[in-house]
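J.: only the shape, not the letters, is given here:
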C-alpha cells in the first residue's frame, strides 16, 4: 500500500471486540505492564551502574558482574543451588510421573483424598512448610555436619516435597489427552504391560515430563522461604546468599547476581512454555 | 482339523458390568475365511463382544475358543488375533514404517524380514512410499490403512475391526467398503467387524449377527436379513419397513392371510413357520409397494394376480414426499388413518412429477412381499 493510499483511506471504525484499538484499554494495559516490570527493569539497569550506591546513574560498567562472578561465597551458593535443583528435579520427575500415572490409571479407595493430599504442598503457605521442615528436621535429628553434597540433603528433601506435585499436575494433564486404544493396540500387537508403557505411554508423556522438570528446576532454584528455614551455615543457596548480601547494603553486585538469576529463570521458563504449547498442538491433532 | 471347525467359537458368553448386562448369553460360531459382521445400535454390546475376543474384556460367564483353544487365561498380547481400533490408535510418535513393524519388533523378528514384510503390508494397503511419513501427515483414510497394515503384517488368524469406517466421510467410506472386501478376499483371513451402519454391514458381510440389548436378534447372510427378518427389531433396524399389527385369519402351510387394522387385508403365498398365536405383525418394505393413479381399478386388478379379491390393496393420500434423486419417498395416509412409507424409483427423468402432495393414490403389493413376524 502506498503512502498516499494510506493517507486517503478513512480510518476504519473500531469493531465491538477490537479492544486493542481503544485508548482506555491501551492505557490500562500499559499501566499494568509498568507496575509489573518497572522494578525488574530498574534492577537490571542498575546492575550496569558505575556507582557504589544504587541511587544515581553514573555510567555503564560490567565491573559488578565481574565482582559477582569472582565472589567465592556467592559462587559456592550458586553451585549449591544448582546441585539442589538438579537433584530435586530428578526425584520430583520420577515421583510426580508415578503419582500422575497412578491417579490417571487406577481407581482405588480414597482416591480423592490422595489427590488432595498430594496437591497440599502447592496450596499450603510456604512459611508454614518452612517452619514445618525446620521443626521436623530438628526433631528427627537430621545430621547437619555431613560433607558436601550430602549436607544439602535436608534442603533437597524439602524441595522435592513442594516440587513433585507440580510435576504430577503437568504430567497428569498431559495424560488426559492419551488415547488408551494406543496402549491396547500395542498389547494387541504382542507387547507386554511394560513394553506398552515404554513404547507408547512414555513417549506420550515426554513433553509433560520435560515441562515438569523445567518447572521443578526453576521452582527449586529460586526458592527462598523454605530454603531459608532448612539451610544451615554451610549450606547457603543463591537466593539466601543474595538476601544476606542485601542486609549489608544493596550494591550493584547484588543487582548483577539477581539479574543472572532472572536470566536463567526466564530461559528455563521459556523452554517450558515452548514445550507445553507444542504439547498442546500435538494433542489437538488426534 | 477339518474345514468345518469354527475359527472362533463363542459359547454362552455373558458380560456384566456391575448391574448392567452388556452381553447376554451369546453363542456364535465364526468359520475360517468368513467376513463376519456384528451389527447393532450403539450400546448393544457388540463392541464388548469384540473386545472379549481380543482379550481386553473377560467374559463373566461362558467360553471363547479361538482355533479350538480356550482363551480364558490368554492375555491380549498372546492371542492369534489382531484388532483395528475405532480411533485407529496409530502411534503418533512413530513413522508409518515403525508403526507397521512394531508387532514384528516385539516378536523379535529379524530386521531384514521386518523390512520386507512391512513393505509387503504397505503395498497390500496401497501405501507404498509412505513409510517415512508420520501419522499427522496422513489423512484419516490413510491412517486407517496404516492400522490395517499394522495388524495384517502379523498374519493373524482373525482380524477384528471396530467400526472401521465410522470416522471416514461418505464417499471414502463407500470406497473403503469395497477395498476391505477385496482385501479380505486377497489375504483370506477371517474378518470380524463391528458396525452400527447397516449399509456397511450389508455390503461387506458374508454373514451378519444383529445384536440387540446384548442378545443375538438374528444371524443370517445379508439378503436373508433384509428379506426374511426374524423379528420386528431386525426388520426395523436393517433398512426401513412398514410394520402393522394384525390377526391371522388364514394359516395354512403354503398360504396365509392377516387382517390388519392399519393396512387392511394382507395375503401371503407362503405359510407362517414356527409356533405362533393369531396375534402377529406384518412387515413390508417401502420399495415393494406399487403406486397407482386411482380410479381405473388398475391397482385392484394388479393385486388380484396373485391374491384373492380385496387383498394386498390399499388407498390413501400423499401427506409428504422427499425427492432423493434416485428414488422418491412418499408418506401416505391410508384410509384407516395409519401412515405408510412407499419408495419409488425414478426410472425416467420426469418420474418424480407423477405424484405430489395431497394426491389420492391406490397401492398394491405382491403376495410374496409381506413378511409375518411373530415377535
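T.: Received the coordinates, thanks. Source: prediction; values computed, not measured. Numbers count the residues shown, from 1 in each chain, chains lettered A, B, ... in the order given.

J.: what helix or strand is residue 171 located in?
T.: All of this is about chain A. helix A:153-175 (DSSP states H and E).

J.: ah, I was thinking of chain B
T.: helix B:170-187.

J.: how about residue B:26?
T.: strand B:20-30.

J.: tell me where the stretch 101-250 of chain A has helices.
T.: Under the criterion DSSP state H, counting those that start in this stretch, helices of the stretch 101-250 of chain A are mapped to A:111-123, A:126-139, A:153-175, A:180-188, A:193-196, A:202-221, A:225-230, A:238-248.

J.: now the ones you listed in JSON lines, with mean pLDDT and mean neighbour count?
T.: For glycine as for every other residue, the C-beta is placed from the backbone atoms N, C-alpha and C. Shown next, in JSON lines, are these (pLDDT from 0 to 100; neighbours: other CB atoms under 10 Å in any protein chain shown):
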{"stretch": "helix A:111-123", "mean pLDDT": "87", "mean neighbour count": "13"}
{"stretch": "helix A:126-139", "mean pLDDT": "92", "mean neighbour count": "15"}
{"stretch": "helix A:153-175", "mean pLDDT": "93", "mean neighbour count": "23"}
{"stretch": "helix A:180-188", "mean pLDDT": "94", "mean neighbour count": "23"}
{"stretch": "helix A:193-196", "mean pLDDT": "94", "mean neighbour count": "15"}
{"stretch": "helix A:202-221", "mean pLDDT": "91", "mean neighbour count": "22"}
{"stretch": "helix A:225-230", "mean pLDDT": "91", "mean neighbour count": "22"}
{"stretch": "helix A:238-248", "mean pLDDT": "86", "mean neighbour count": "17"}
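
J.: possible to save these as JSON lines with distance to chain B?
T.: Below are the helices of the stretch 101-250 of chain A laid out as JSON lines (distance: least, CB to the nearest CB, whole Å):
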{"stretch": "helix A:111-123", "distance to chain B": "18"}
{"stretch": "helix A:126-139", "distance to chain B": "38"}
{"stretch": "helix A:153-175", "distance to chain B": "13"}
{"stretch": "helix A:180-188", "distance to chain B": "4"}
{"stretch": "helix A:193-196", "distance to chain B": "6"}
{"stretch": "helix A:202-221", "distance to chain B": "4"}
{"stretch": "helix A:225-230", "distance to chain B": "37"}
{"stretch": "helix A:238-248", "distance to chain B": "37"}
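
J.: that older thread, list the strands paired with the helix or strand following the strand holding residue B:26, with their directions.
T.: The helix or strand immediately downstream of strand B:20-30 is strand B:35-39, counting by DSSP H and E. Under the criterion DSSP bridges, strand B:35-39 sits next to strand B:190-195 (parallel), strand B:207-212 (parallel) in its sheet.

J.: and the residue of the stretch 251-375 of chain B nearest chain A?
T.: In the stretch 251-375 of chain B, the residue that lies nearest chain A is residue B:324 (35.4 Å; CB to the nearest CB).

J.: centre of the chain to the strand holding residue B:26, how far?
T.: Relative to its chain's centre, strand B:20-30 lies at 17 Å (CA atoms, centre = their mean, to the nearest Å).

J.: list of residues touching that strand?
T.: B:6-16, B:36, B:45, B:48-49, B:52, B:59, B:61-62, B:158, B:190, B:192, B:209, B:211, B:213-216, B:219 (CB atoms under 8 Å, 6 or more residues apart in numbering or on different chains).

J.: now that strand: buried residues?
T.: Burial within strand B:20-30, assessed by neighbour count using 16 or more other CB atoms under 10 Å in any protein chain shown, is assigned to B:21-24, B:26, B:28-30.

J.: quick one, it and strand B:207-212 angle?
T.: Counting by axes from the mean of the first three to the mean of the last three CA atoms, to 10 degrees, strand B:20-30 points 170 degrees away from the direction of strand B:207-212.

J.: residue B:64 pairs with what?
T.: Counting by DSSP bridges, the residues bridging with residue B:64 are residue B:10.

J.: so the nearest residue to residue A:252 once chain neighbours are set aside is in which element?
T.: Excluding the flanking residues, the one nearest residue A:252 by CB to CB, 6 or more residues apart in numbering or on different chains is residue A:64, at 4.1 Å. Using DSSP H and E, residue A:64 sits within helix A:63-70.

J.: ok so, going back, can you give me the pLDDT of the residue of the stretch 251-375 of chain B closest to chain A?
T.: Predicted confidence (pLDDT) for residue B:324: 92.

J.: over to the one 3 residues further on?
T.: At residue B:327, the model reports a pLDDT of 93.

J.: what residues are bridge-paired with the residue lying closest to it once chain neighbours are set aside?
T.: Among residues not flanking residue B:327 along the chain, residue B:343 sits closest, at 4.9 Å (CB to CB, 6+ apart). With DSSP bridges as the criterion, residue B:343 is bridged to residue B:329.

J.: what is the neighbour count of residue B:343?
T.: 18 (other CB atoms under 10 Å in any protein chain shown).

J.: that one contacts residue B:323, correct?
T.: No - between residue B:343 and residue B:323 there is no contact under CB atoms under 8 Å: 11.2 Å.

J.: that older thread, quick check: the residue nearest to residue A:252 vs residue A:56, distance?
T.: 15 Å (CB to CB, to the nearest Å).

J.: before we move on, what about residue B:82?
T.: 77 Å.

J.: tell me which of these two has more neighbours.
T.: Between residue B:82 and residue A:56, residue B:82 has the larger neighbour count (other CB under 10 Å), namely 27 against 8.

J.: so what does whichever strand or helix holds that one touch, helix or strand wise?
T.: Assigned by DSSP H and E, residue B:82 belongs to strand B:81-84. Packing partners of strand B:81-84 (3 or more CB pairs under 8 Å, 6 or more residues apart in numbering or on different chains; DSSP states H and E): helix A:180-188, helix B:46-54, helix B:140-152, strand B:158-162.

J.: rerun that using 6 Å as the cut-off
T.: Contacts defined by 3 or more CB pairs under 6 Å, 6 or more residues apart in numbering or on different chains; DSSP states H and E place strand B:81-84 against helix B:140-152, strand B:158-162.

J.: quickly check: the longest one near chain A or not.
T.: No - applying CB under 6 Å from any CB of the partner chain, one finds helix B:140-152 separated from chain A by no less than 6.9 Å.

J.: please report phi then psi for residue B:323.
T.: Dihedral pair for residue B:323: phi -90, psi 120, per degrees, to the nearest 10.

J.: for residue A:140, same thing?
T.: Torsion angles, degrees, to the nearest 10, at residue A:140: phi -80, psi 0.

J.: how about the strands in the stretch 251-375 of chain B?
T.: Secondary structure of the stretch 251-375 of chain B (DSSP state E, counting those that start in this stretch): strands located at B:255-260, B:264-268, B:279-284, B:289-292, B:313-323, B:327-334, B:339-345, B:360-365, B:371-373.

J.: reformat those as CSV; add distance to residue B:126.
T.: Shown next, in CSV, are the strands of the stretch 251-375 of chain B (distance: least, CB to CB, whole Å):
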stretch, distance to residue B:126
strand B:255-260, 52
strand B:264-268, 48
strand B:279-284, 41
strand B:289-292, 43
strand B:313-323, 37
strand B:327-334, 33
strand B:339-345, 35
strand B:360-365, 45
strand B:371-373, 41
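
J.: interface residues of the stretch 51-200 of chain B facing chain A?
T.: By CB under 6 Å from any CB, the residues of the stretch 51-200 of chain B that approach chain A are B:56, B:76-77, B:82-83, B:85, B:87, B:89, B:93, B:102-103, B:106-107, B:136.
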